[in-house]
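> Show me how the following folds:
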Amino acid sequence: MKPYTLTFILLGLIFQLHAQRSGKFRGFSFDQFQNQPELSFVGNAYAPGPQAQLVDDINWQKGALWYSERMLPVEDEFTTEFEFRISKPCKCKGGADGVVLVMHTNENPVQLGEDGEGIGYAGISNSLAIEFDAFDNNEGSDHHVSIQTRRNMPNSHKNDASIAMNHALPSLKSGEVHKVRIAYKRGRMKVMMDDMNTPVLDAYLKIDQIISLKRGQAWMGLTASTGGGKARHEILSWSFEGKGWKNPPRNPQPPIASATPRPRPVVRPEPRPEPEPVPTRADEDEPILPPSQTMTELEGRPVTPPTRIIEVASKDLTISLWDHNKKDGDIVSMNLNGTWVINSVKLKYRKQDFYVRLSEEDNQLILYAHNLGKIPPNTASIAINDGIKRSVFVLTSNMGASSSVAVRYRPREEDN
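Numbering: from 1, shown residues only. As a prediction, this is how the structure comes out:
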């Protein structure tokens, strides 16, 4: 072989390697899950056939499927789609618990959270989860979709970790196949289920301000669980396409899970302690509302700046209030942009509805506590319904300070 021929071969190999590592990776697509080296199963998840089974119809199981080959670009723009099926629900409680798409940036790509109401993601820190929840664990209803995060703290299924929620979903556990598309672009996330033209969630959020991304990238996977209720949870297809690929190294260590572990029963764990309260985020990010539109004091008490935005498509809203977790005599009022709109309401288990009309495009809704109840602090579950979607969240106030949320009016736009 002549020297210049060997040189051209070496140059060709170098250019080929550069092309493989210079951003040409755009995503993946799986319609069968056996013998896929890029995928890792953990817990009770495995691939008994073409489909991936996250959990079977056995009580207290949990499982996850992760794309562990490399982190995925999620900072700028991406679309991921998957099909899931929840079948064989038990008659005792109607089947549980749901399917979740999870992003995180922890060192080990293969994570597994809590079973039961935790749906396999609760307890994973520095994570963002889009849950399709099939069982009501004090969230407001069966069959709801929610975006959940507690930032760098362990994630939670509870309403106080929800960025956006919609209860108007069909049955998730009828045995039918549901197709999900999650599209994120420039700070806006649209979540579609079955109807790819109408979002079930349309939320404004910036992923890089919620979790600590690694060069704009995160690990991504699907989780599920059963608890006292049970059902079989399967993934039939999964794809991802993203932009902004930063060319990270491949996963340097093998994931801590075999590719296709055999299913095994899981012993119900001991009762878990309650998670720590969600930290105040006012000092971590830029203000959600401009300072000129943010009330910092109400009736002599400081007001915590909003850390969450509720997007609504109508100025005419129905606000529902009820006591969070346990009725203990809490009495609250709500103030909108300096005007009292709900006065001295005693919170009950039953939801109490109030009509409120927004006066601005960007609004500040403040929870004012008149007492602490029997179990401090004063904590209210709140739902805002604009006639299209229903957002559920929790605010906590006390006799020394009031918390608030931003409510932003944005007319509904056509899909891009």
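
> What helices and strands are in contact with the helix or strand where F41 lies?
Counting by DSSP states H and E, the element that carries F41 is strand 39-43. Contacts defined by 3 or more CB pairs under 8 Å, 6 or more residues apart in numbering; DSSP states H and E place strand 39-43 against strand 52-55, strand 62-73. Any C-beta I mention is one placed from the backbone N, CA and C, and that applies to glycine too.

> Name every strand pairing with the last one and say which way it goes.
When sheet partners are counted by DSSP bridges, strand 62-73 sits next to strand 39-43 (antiparallel), strand 217-225 (antiparallel).

> looking at those, which is buried most?
Sort those by mean neighbour count, taking mean count of other CB atoms under 10 Å, and strand 217-225 sits at the top with a mean of 27.

> Dump it to CSV, keeping only the CA atoms.
Taking Å, rounded to 0.1, in the frame of the first residue of the first chain, the C-alpha atoms of strand 217-225 are listed here in CSV:
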residue,chain,number,x,y,z
GLN,A,217,-29.0,18.2,28.1
ALA,A,218,-30.7,15.7,30.4
TRP,A,219,-31.4,12.0,30.8
MET,A,220,-34.9,10.9,29.7
GLY,A,221,-37.0,7.9,30.6
LEU,A,222,-40.5,6.4,31.3
THR,A,223,-41.7,5.2,34.7
ALA,A,224,-44.7,3.5,36.1
SER,A,225,-45.9,1.9,39.3
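
> what inclination does the following helix or strand past that strand have with respect to strand 62-73?
The helix or strand immediately downstream of strand 217-225 is strand 232-243, counting by DSSP H and E. Relative orientation of strand 232-243 versus strand 62-73 (axes from the mean of the first three to the mean of the last three CA atoms, to 10 degrees): 10 degrees.

> The next helix or strand after strand 232-243: how far from the chain's middle?
With elements assigned by DSSP H and E, the helix or strand that comes after strand 232-243 is strand 297-298. Strand 297-298 sits 32 Å away from the centroid of its parent chain (CA atoms, centre = their mean, to the nearest Å).

> Which strands border strand 297-298, and is each parallel or antiparallel?
Using DSSP bridges, the strands paired with strand 297-298 are strand 301-302 (antiparallel).

> Quick one: mean pLDDT over the strand it pairs with.
Average pLDDT, strand 301-302: 92.

> do the same with stretch 71-81
The average pLDDT within stretch 71-81 is 95.

> okay if I get the strands paired with strand 62-73 as a markdown table plus distance to P411 and mean pLDDT?
Shown next, in a markdown table, are those (distance: least, CB to CB, whole Å; pLDDT from 0 to 100):
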| stretch | distance to P411 | mean pLDDT |
| --- | --- | --- |
| strand 39-43 | 41 | 93 |
| strand 217-225 | 31 | 96 |
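
> Can you tell me which helices and strands the helix or strand harbouring E83 packs against?
Using DSSP H and E, E83 maps to strand 77-87. If you count contacts as 3+ CB pairs under 8 Å, 6+ apart, strand 77-87 packs onto strand 98-104, strand 177-185, strand 217-225, strand 232-243.

> who wins for proximity to I86 among those?
Of all the helices and strands packed on strand 77-87, strand 232-243 sits nearest to I86, with 5.4 Å by CB to CB.

> Paired strands for the closest one, with orientation please.
Using DSSP bridges, the strands paired with strand 232-243 are strand 27-30 (antiparallel), strand 52-55 (antiparallel), strand 77-87 (antiparallel).

> Can you say which of the ones you listed is nearest to F354?
Once the strands paired with strand 232-243 are compared by CB to CB, strand 77-87 is nearest, at 35.1 Å.
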